[in-house]
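[1] I would like to see how this sequence folds:
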Amino acid sequence: ALLAPLNSTMIAVALPDIVDDFDSSIGTVGWLVTSYLLALAVVQPVAGKLGDRHGRHPFIVGGLAVFGVASLGAALAPSLPFLIGFRVAQAVSGAVVFPNGAGLIRELVPASRRGGAFGIVGASIALAAGLGPLIGGVLVGIGGWRAIFLVNVPFVVAALAIAWRAVPRSPGVVPETAFDWLGAALLAAVLGGSAALVIESAHAPLALAPGVPALIILSVVFVRRELRHPDPVFQPRFFRIRPFAAANAGISSSNLAFYTVLLATPILLTRHLDWSSLQVGVALALLSAPMVVFSPIGGRLADRYGRRIPAVGGCVALTGGIVPLAISPGLDTLVLLPCLLLMGSGVGLSTAGLQASAIEALEPSQAGVAAGLFSTSRYIGSFAGSIALARLLDEGEGLSGFHAVFVIALAGAVISVLVTLALPRRRVVL
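    Down below sits the predicted model:
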């Protein structure tokens, strides 16, 4: 849980040095970030389903081992294409480990403590993502950009030593039907095409993008195949289960709101309020630090009072933090900072209950694919938020563009409140 988000944010401070070292453009080097996030989104449902079929142990241990090798390869990469390739290998191996780890929690942790366990994982993710830029800055200063990849190796060795002994070697449940490899390939193509349109939409109207008709056709083909396949990698029928659909819609819409504000706030503060980089860093810490504190609290509340209460309460807090921004983006500092603090607290409170609801809505034998789909829903919200930011800030002048961005974020937060009301009052244990 620590390694994937740490490597997602740690690289940000190393990008200028990588540009200089390989004499490349920032746009090309940006694929180090884009490809990593895209691979995480695409692979997790597939990896979770494979873990359901064949057991968690080989995927967790194997994924950790590949992550370590890929990190070492990235540290020694002789050119940018090699570095991007090892970076993608990092993401794929991380995406193999994460949903199977969440599935393991579903299988082994009693329902009375499961929300708290997911809360601890959520706190770990928030802590790693928040500390990533700081750790990356220190490592780049000491050993150059290659040090941010080398630092993974001792963590991987320690994780492997624990996982080899602690993760059960259960066989999984293998259906009679063959694995849906074509469905997995189509899922990757649909999500990859969507990400490409996100990038392209910053430069051309989305409706006129030549890839839109092809993506629509590909999506229709994908959904039709998955509806007809006896054991598809993407299960449309899962979304007929109210708690599962509500939890996925909740994480997607709340992440749209949170990620949009997270991306827009530094631009707003530096471009229009003349804040320094240090001041911006402190402001963003007010978004991430409460998530570390409130994720375990939200998990324990979900165990004690059911999944709905902390999920709805957290989404309400998220909404309350965005309302002043949507009304007036040019806020006074004394108003802005509490808003950011309230938003981070809300996300922390809600996430564990949402994740527990999504995974508990399905049979334990389907916990891996449930965790993978939940994580992909989170990334879909991030992609949608980045589209809104790119389009609205490009078209709006002055604070008007930020006003539109925060209104979109507010709409996402309100939707998250409404859909989480559909979660069960008490957890459903199958």
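[2] who's in contact with the closest residue to G299 other than its chain neighbours?
    In this structure, G299 finds its nearest non-sequential neighbour in G119, 2.3 Å apart by Cβ to Cβ, 6 or more residues apart in numbering. The way it works is simple: take the backbone N, C-alpha and C, and place the C-beta from them, glycine included. For G119, the contact set (Cβ atoms under 8 Å, 6 or more residues apart in numbering) comprises S295, P296, I297, G298, G299, R300, A302, T351, A352.
[3] and if we set it to 7 Å?
    S295, P296, G298, G299, R300, A352 (Cβ atoms under 7 Å, 6 or more residues apart in numbering).
[4] any weak-confidence spans in the stretch 101-250 of the chain?
    172, 174-176, 195-196, 198-210 (pLDDT under 70).
[5] what about the helices in it?
    Using DSSP state H, counting those that start in this stretch, the helices of the stretch 101-250 of the chain run over 111-143, 147-150, 152-166, 181-201, 211-228, 242-271.
[6] switch those helices over to TSV; also include distance to F383.
    Output for the helices of the stretch 101-250 of the chain, formatted as TSV (distance: least, Cβ to Cβ, whole Å):
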stretch	distance to F383
helix 111-143	17
helix 147-150	25
helix 152-166	26
helix 181-201	5
helix 211-228	13
helix 242-271	9
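[7] winner for burial among the ones you listed?
    Across the helices of the stretch 101-250 of the chain, averaging neighbours per residue (mean count of other Cβ atoms under 10 Å) puts helix 242-271 on top, at a mean of 23.
[8] could you give the average pLDDT over whichever helix or strand comes after it?
    For helix 242-271, the following helix or strand on the C-terminal side (DSSP states H and E) is helix 277-305. Mean pLDDT, helix 277-305: 84.
[9] again with stretch 77-91
    Mean pLDDT, stretch 77-91: 91.
[10] so what touches that stretch?
    7, 22, 24, 28-29, 31-32, 35-36, 39-40, 66-67, 70-71, 73-74.
[11] please identify the buried residues of it?
    By 16 or more other Cβ atoms under 10 Å, the buried positions in stretch 77-91 come out as A77, L80, L83, I84, G85, F86, R87, V88, A89, Q90, A91.
[12] got the phi and psi for the first one?
    Dihedral angles phi and psi of A77 (degrees, to the nearest 10) take the values phi -60, psi 130.
[13] now neighbour count too, for the contacts of G119, in JSON lines please.
    As requested, these are arranged in JSON lines below (neighbours: other Cβ atoms under 10 Å):
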{"residue": "S295", "neighbour count": "29"}
{"residue": "P296", "neighbour count": "21"}
{"residue": "G298", "neighbour count": "33"}
{"residue": "G299", "neighbour count": "29"}
{"residue": "R300", "neighbour count": "17"}
{"residue": "A352", "neighbour count": "33"}
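[14] now flag whichever of those is closest to R146.
    Nearest to R146 out of the contacts of G119 is S295 (Cβ to Cβ; 32.1 Å).
[15] skipping adjacent residues, who's closest to that closest one in space?
    G122 (3.6 Å).
[16] quick one: buried ones out of the contacts of stretch 77-91?
    By 16+ other Cβ under 10 Å, the contacts of stretch 77-91 give 7, 22, 24, 29, 31-32, 35-36, 39-40, 66-67, 70-71, 73-74 as buried.
[17] please parse this protein into its domains.
    1-168, 180-232, 241-430 (automatic domain parsing).
[18] off-centre distance for stretch 100-108?
    18 Å (Cα atoms, centre = their mean, to the nearest Å).
[19] where's P424 relative to V312, distance?
    12 Å (Cβ to Cβ, to the nearest Å).
[20] show me the shaky parts of the stretch 301-430 of the chain.
    330-331, 387, 390-399, 426-430.
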